[in-house]
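# sequence below, structure please.
(2 chains)
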Amino acid sequence: MAAILATDPPGAERRYRRHAGPVRVTHWINAACFTLLLMSGLQIFNAHPALYVGERSDFEHPTMSIRAHQSERGIVGETMILGHSFDTTGVLGASREGGQVSPRAFPSWITIPSYQDLAAGRRWHFFFAWLLVLNGLVYLAWGFASRHFGRDLLPRRAELSHIGRAVLEHLRLRFPRGAAAKRYNVLQQLSYLLVVFVLFPLMILTGLTMSPGVDSAVPPLLTLFGGRQTARLIHFAAASGLVLFVIVHLVMVLVSGAWNNLRSMITGRYDLGNPETTDAR
Amino acid sequence: MPGNRLHRRDLLKALTALAGLAMSGCDRLSNEPHSRSVLDAANSLTYRAQRLLIGADRLAPEYSEAEISPDFRANGSTDPQDEEYLDLVGNQFADWRLKIHGLVEHELSLSIDELRALPARTQITRHDCVEGWSCIGKWTGVPLAEILSRAGVRPEARFVVFHCADTLNDGGGFWVDPESIRYYETIDLVDAAHPQTILAYDMNGKPLTVRHGAPLRLRLERQLGYKMAKYIMRIELVHSFAELHGGRGGYWEDRGYEWYAGI
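The predicted structure is shown next:
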């Protein structure tokens, strides 16, 4: 992370350029791509809302499925995961679309387009998949070249040894301020590493494994993921992991100083806070 | 800090409004011609990238007998009601002839027995549906390259058109075609020459059933299921498919799906 801006007026020790330009630009492009990929991905999933293990679909025994069936009280949405069924009417399986409850795996407010249109969903998905990959490559190239990853994302031994305390402080919604806020804390470091080097690569590789064209070019992908249908399942699971990350990420942004955080990701400027209130450590 | 809380509420409100606006915007942009052509650009990038990566002759993975699906799903037409087709079924396809015409040196007309007498290829492959599911089946048929070399492809030919017997006027329950048309598909000459591109007459060791496209269907193993035309009646060599039906090179392509379905 960059040093205190040289031209800043007195009190500059409180202001700090938290995020470098390339991080800010690629962050927002990635956020837009991920949102559109998620929503168009759920549109695609809705075309066959069931997941399987292996190369082929065992239609009678999906690992996970979202279905709708008629009951005496109308259309019921049912979500099944590993043999356990849940009534998810209203959200999964059956939800309101244009005023009436209709059978739909994911509801219309979370898919692109909102109505059922697999072809359009695929167009959105593949366009933003290309954009996400190109943006990700720029970010990775810059991150390695500038040593951003090694310097800012890789936890130091001392930071790792304080992981328990960091968890407790997060649970009490107490966040580092002052000089300690100049560096990502260890939980940030680990979750960003997981997202950048595990979850997004998994999304991209399992996505490619679903392509019959790519499978004939790179058959080891099928071996790596245990078949096309398993790759589809992992694609869904890793996307769920990313959604979980985004929820926690947004909550953390909100509770640890929403405007300050948001500004630092837009202009780079971050206010370290009043040094008097800085945690003494 | 009350000020901070107000900000947060404003932020959430603004975000919700923005999301609503974006959603209706996405709906409008989905099928608007200009934005659609922008999104479509990604597909031609995919086509070029895959052609570069795969090359002409890389084979799709083949599987063992044990991996064959016991319940191979059939999509699209499964029981065509077209009169001409029903007559052919009634006579066990004894009157059926495969016609090869268009930009060829010699037009051909082949009966099912004549096709069966030609060199054959058997392959156990995975069928990937655009919807997301996969099934594995064993297919036996004549390599398309074999037929095309007998007919002699003229140099100006660029695409192979498969004209089918079935009228499909149901787009999966959400879309209704105002003018019902016959199913058709097109592929380029690279795919046409691929060793696994066969005109299949047997599935899992038995003659194709009506559900799966009797008497003859295309197997195009490096692309999705909707490219693999069933109930083939004629094969035509053309320079361009712009004048055919909706002009996008296939029944589903005319309804918004990508012409290149390798992904």
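# now the stretch 51-200 of chain A against chain B: closest residue?
Nearest residue of the stretch 51-200 of chain A to chain B: residue A:119, at 3.4 Å (CB to the nearest CB). (C-beta placed from N, C-alpha, C; glycine too.)
# stretch B:199-208: which residues count as buried?
Neighbour counts over stretch B:199-208 (16 or more other CB atoms under 10 Å in any protein chain shown) mark B:199-201, B:203-204, B:208 as buried.
# which residues does the closest residue to residue B:122 other than its chain neighbours bridge with?
Excluding the flanking residues, the one nearest residue B:122 by CB to CB, 6 or more residues apart in numbering or on different chains is residue B:140, at 4.4 Å. Counting by DSSP bridges, residue B:140 is bridged to residue B:122, residue B:202.
# quick check: phi and psi on residue A:270?
Main-chain dihedrals, residue A:270, degrees, to the nearest 10: phi -130, psi 130.
# do you know how far it is from residue A:184?
Going from residue A:270 to residue A:184 by CB to CB, to the nearest Å gives 12 Å.
# neighbour count winner among the two?
Between residue A:270 and residue A:184, counted using other CB atoms under 10 Å in any protein chain shown, residue A:270 has the larger neighbour count: 21 against 18.
# check the burial of residue 126 by counting its neighbours.
Picking chain A for this. Quick note: residue A:126 (other CB under 10 Å) scores 22 neighbours.
# you looked at the wrong chain, it should be chain B
Counted with other CB under 10 Å, residue B:126 comes out at 23.
# try the one 3 residues further on
Residues lying near residue B:129 (other CB under 10 Å) number 17.
# residue A:15 now?
So residue A:15, with other CB under 10 Å, has 15 neighbours.
# how about the contacts made by residue 186?
Picking chain A for this. Listed by CB atoms under 8 Å, 6 or more residues apart in numbering or on different chains, the contact set of residue A:186 reads A:155, A:159-160, A:162-163, A:166.
# the intended chain is chain B.
With CB under 8 Å, 6+ apart, residue B:186 has these contacts: B:159-162, B:238, B:241, B:244, B:249-250, B:259.
# in the stretch 101-250 of chain A, what residue lies closest to chain B?
Counting by CB to the nearest CB, the stretch 101-250 of chain A gets nearest chain B through residue A:213, at 2.9 Å.
# I figured that residue hits residue B:55, correct?
No. With contacts counted by CB atoms under 8 Å, residue A:213 stays clear of residue B:55, the gap being 11.1 Å.
# please identify which of those two sits among more neighbours.
Neighbour totals were compared for residue A:213 and residue B:55, and residue A:213 leads with 25 against 11 (other CB under 10 Å).
# which SSE is that one in?
If you go by DSSP states H and E, residue A:213 is part of helix A:212-217.
# what's the pLDDT at the residue of the stretch 51-200 of chain A closest to chain B?
Residue A:119 carries a pLDDT value of 96.
# of the contacts of residue B:186, closest to residue A:242?
Nearest to residue A:242 among the contacts of residue B:186 is residue B:259, at 31.0 Å by CB to CB.
# my read is that that closest one contacts residue B:251, right?
No. Residue B:259 lies out of contact with residue B:251 (CB under 8 Å); the separation is 11.5 Å.
# quick one: contacts of stretch A:18-35?
Outside of stretch A:18-35, the residues within contact range by CB under 8 Å, 6+ apart are A:1-2, A:128-129, A:131-132, A:135-136, A:138-139, A:142, A:146, A:148, A:182, A:242, A:246, A:264-266, A:268-270.
# what subset of those residues is also close to chain B?
When contact is defined as CB under 8 Å from any CB of the partner chain, the contacts of stretch A:18-35 meet chain B at residue A:129.
# which ones among the contacts of stretch A:18-35 are found in helices?
Residues of the contacts of stretch A:18-35 located in helices (DSSP state H): A:128-129, A:131-132, A:135-136, A:138-139, A:142, A:148, A:242, A:246, A:264-266.
# separation between the most centrally placed residue in chain B and chain A?
Geometric centre of chain B, nearest residue: residue B:227, 1.0 Å, by CA atoms, centre = their mean. From residue B:227 across to chain A, the span is 10 Å (CB to the nearest CB, to the nearest Å).
# contacts only, for that residue.
Counting by CB under 8 Å, 6+ apart, residue B:227 has contacts B:185, B:187, B:218, B:220, B:250, B:261.
# quick one, what contacts the residue nearest to residue B:122?
B:120-122, B:198, B:200-203, B:205.
# OK, contacts around the residue positioned nearest the centre of chain A?
With distances taken as CA atoms, centre = their mean, the residue of chain A nearest its centroid is residue A:242 (2.8 Å). Residue A:242 makes contacts with A:34, A:38, A:195, A:199-200, A:203, as judged by CB under 8 Å, 6+ apart.
# ok, which pair from these is furthest apart?
It's A:38 and A:195 that sit farthest apart of the contacts of residue A:242, by CB to CB, at 13.8 Å.
# residue of the stretch 151-263 of chain B nearest chain A, please.
residue B:262 (2.9 Å).
# mind pulling up the pLDDT for that residue?
For residue B:262, the model assigns a pLDDT of 96.
# residue B:28 too?
So, for residue B:28, pLDDT stands at 87.
# elements contacting the helix or strand hosting it?
Assessed by DSSP H and E, residue B:28 sits inside helix B:2-30. Contacts defined by 3 or more CB pairs under 8 Å, 6 or more residues apart in numbering or on different chains; DSSP states H and E place helix B:2-30 against helix A:118-145, helix A:258-266, helix B:33-54.
# quick one on the thing from earlier: let me have the buried residues of stretch B:199-208 in CSV, extended by distance to residue A:110.
Listed next are the buried residues of stretch B:199-208 as CSV, based on distance: CB to CB, whole Å:
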residue, distance to residue A:110
B:199, 43
B:200, 40
B:201, 45
B:203, 39
B:204, 40
B:208, 40
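# could you work out the most separated pair of the residues you listed?
B:199 and B:204 (16.7 Å).
# most tightly surrounded among the helices and strands packed on helix B:2-30?
With neighbours defined as mean count of other CB atoms under 10 Å in any protein chain shown, those peak in mean count at helix A:118-145, which reaches a mean of 19.
# and it, what does it pack against?
helix A:21-46, helix A:200-209, helix B:2-30, helix B:33-54.
# how about the nearest residue to the residue of the stretch 101-250 of chain A closest to chain B, chain neighbours excluded?
Closest residue to residue A:213 apart from its sequence neighbours, by CB to CB, 6+ apart: residue B:262 at 2.9 Å.
# isn't that neighbour right next to residue B:223, touching?
Yes. Judged on CB under 8 Å, residue B:262 makes contact with residue B:223 at a distance of 5.2 Å.
# anything in contact with each of the two?
A:212-213.
# what does the stretch 101-250 of chain B put close to chain A?
B:126, B:128-136, B:172, B:174, B:221-224.
# so of those residues, which ones are in strands?
B:126, B:128, B:134-136 (DSSP state E).
# tell me where chain B is predicted with low confidence.
Along chain B, the model assigns pLDDT under 70 to residues B:1-6, B:8, B:169-180.
# check contacts around the spatially closest residue to residue B:45 that is not a sequence neighbour.
Nearest non-adjacent residue to residue B:45, counting by CB to CB, 6+ apart: residue A:130, 6.1 Å away. The contact partners of residue A:130, taken as CB under 8 Å, 6+ apart, are B:42, B:45-46.
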